[in-house]
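**Student:** Predicted structure and sequence below. I'll ask about it afterward.
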Amino acid sequence: MEGIDKTLFGEFEKHVKSNDIIWDTNDISNRLKGFLELDADKYEKRQNLALDIASDILIPHQKQDLSRIATSLAQLERNLKDIEPPQRDHVCHALLTYLLGFFVISKLNKDDNFHFQWKLAGLLHDVGYPLEITDRIDEVFLNNYERDVLGEEPDFRPTGGKKLSKYLTLYKKGIRQKRNTLDLINKRLKNWEISPNPRMIFKKMIAGKKFDLGDKRTDHGIASAILVMKAIDKKYEQNNPKQTYDEDDLWNFLNMESQITNVCSAIYIHNLELDEHVWDFKKAPLATLLKVCDELQDRGRPLADNQKGELPRDYDIKYENGHFIFYAKNEKLNGIKGEFKNIVNFPIKFEKL
């Protein structure tokens, strides 16, 4: 183990050994070490370990079964790897993203509630990727068919968003109660002073219209947020059907309306490309942390010409004098800095390794 992996593992192991965080399994450090020592070309074994570890991280909150959402993502990526080798990994990436965020919040002394929210956001932010991937594959095939076979102007309409529509309505205790994922996220984004209108973006997406600066597609961040919100809402419906606010209850409904909404709002916007959007760590700490860690975590992901991906020894991170210092090789620094143009009030500097 070397480079940034060694740094992140050391921070994680320190907290596990000091019992700052309670885990239901006492060998989580050993399994995490084994995961980090595996090269990225050990694709299936590495993904299985990542899913197993992520599940155990969620056990104290009785949400370990949520990691099953990522199982279908792992299987899809394995199958696509044989068809399309450049396909990037998102399963191991989620665990590595979580570890990077764990390092950050440990140094900033964030409370347990924030750490819980980070567990969900970091580990589940890409679970909706299958819907984006399949729409991209369909788009290539059908555009070629319409243009080259039918001689028509391509007019592909993604279907992933339409499939998500049935998951937007959340559990209602009474007839007058209205609970909808997009409404809850919209309210939270306004509180964070973040401008995107999630309902308008969603409508554009299911209509096949351009909704951000990226390629037209079913966005995996939007898909992940909707899938996670619905899955957790279902658990609250089963464990707290009356939606009570008992502080001693793990399923206190206040947690659903506050913490889970935070998580899914952060996930919803993490992949959107919007020039006017500013990620402010002071106003929206969870959303900004997810954006930061998602952008920085790029090592160990198989590439077409390098199945081991970029090596952990080519990166590192430290915390000194109230700032994080992210180290990378010189040729990587400009690209990394470019991704931070709309991120403000996050205490980070970049230096050549």
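**Tutor:** Nice, thanks for sending it over.
**Student:** In this structure, which residue is most central in space?
**Tutor:** His125 (2.0 Å; C-alpha atoms, centre = their mean).
**Student:** which ones are touching that residue?
**Tutor:** His125 makes contact with Ala94, Thr97, Gly221, Ser224, Ala266, Ile267, His270, Leu290, Asp294 under the criterion C-beta atoms under 8 Å, 6 or more residues apart in numbering. The way it works is simple: take the backbone N, C-alpha and C, and place the C-beta from them, glycine included.
**Student:** Mind checking what secondary structure the closest residue to it other than its chain neighbours has?
**Tutor:** Spatial nearest neighbour of His125, excluding adjacent residues (C-beta to C-beta, 6 or more residues apart in numbering): Ile267 at 4.8 Å. Using DSSP: H, G, I helix; E, B strand; the rest coil, the structure places Ile267 in helix.
**Student:** My guess is Ile267 contacts Leu124. True?
**Tutor:** Yes: here Ile267 lies in contact with Leu124, judged by C-beta atoms under 8 Å, at a distance of 7.0 Å.
**Student:** Look at the two and report which has more neighbours.
**Tutor:** For Ile267 and Leu124, the more surrounded residue by other C-beta atoms under 10 Å is Ile267, and the numbers stand at 31 against 27.
**Student:** which residues does that one contact?
**Tutor:** Counting by C-beta under 8 Å, 6+ apart, Ile267 has contacts Ala121, Leu124, His125, Gly221, Ser224, Ala225, Val228, Leu290.
**Student:** neighbours of the last one, just the number please.
**Tutor:** Right, Leu290. Considering only other C-beta under 10 Å, Leu290 is surrounded by 26 other residues.
**Student:** Which per-residue confidence value corresponds to it?
**Tutor:** Leu290 carries a pLDDT value of 97.
**Student:** again with the fourth one
**Tutor:** The score at Gly221 is 94. That number is its pLDDT.
**Student:** isn't it right next to Ala266, touching?
**Tutor:** No: using C-beta under 8 Å as the test, Gly221 is too far from Ala266 to be in contact (9.2 Å).
**Student:** Quick check: of the contacts of His125, which lies closest to Met205?
**Tutor:** Of all the contacts of His125, Met205 sits closest to Gly221, with 10.9 Å by C-beta to C-beta.
**Student:** Please give the element, helix or strand, for that closest one.
**Tutor:** According to DSSP states H and E, Gly221 maps onto helix 220-239.
**Student:** Fine by me, we can end here.
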